[in-house]
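Student: When you get a sec, could you give me coordinates for this:
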Amino acid sequence: MKTKVERIVEVVSEEKSLQELLLNTKLPKYKIVSVIARWTHELKNREEYKHLDFHEILDQATRDILSEKIAVDDILKLPPVIESFTQKKPRRDERNDRSERNEKPKHK
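Tutor: Numbering: from 1, shown residues only. A predicted model of the protein is given here:
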């Protein structure tokens, strides 16, 4: 069983390696942001990552991209994510709500 200090040292060393990966990557720095975001979305939808928090999935996606476990070209071939723009919530019509509850309209 690891002590608290050993766990902290392990976390710091992981962060350092992530920083080193970011600084030493040969990938275009501004392009990897969108690639990491897309890969994060892909991982989030997989069953084996459902129990993880978002920051843990983001960390895993960043490590996958920067350590070249997954090719950037493969991620760019994935279909774009446009859920938030196409799935708008239906607007509630206040008049219909009032008629269903048999309320009188509010006058100002």
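
Student: show me what contacts the nearest residue to residue 66 once chain neighbours are set aside?
Tutor: If the residues on either side of it in the chain are set aside, residue 66 comes closest to residue 21, at 3.9 Å by C-beta to C-beta, 6 or more residues apart in numbering. For glycine as for every other residue, the C-beta is placed from the backbone atoms N, C-alpha and C. Contacts were defined as C-beta atoms under 8 Å, 6 or more residues apart in numbering; by that measure residue 21 touches 62, 63, 66, 67.

Student: what does residue 30 give?
Tutor: Contact partners of residue 30, counting by C-beta under 8 Å, 6+ apart, are absent.

Student: ok so, going back, closest to residue 48 among the contacts of residue 21?
Tutor: Of all the contacts of residue 21, residue 63 has the smallest distance to residue 48: 15.4 Å, by C-beta to C-beta.

Student: Kindly tell me how buried residue 52 is, as a neighbour count.
Tutor: Residue 52 is surrounded by 14 other residues when neighbours are defined as other C-beta atoms under 10 Å.
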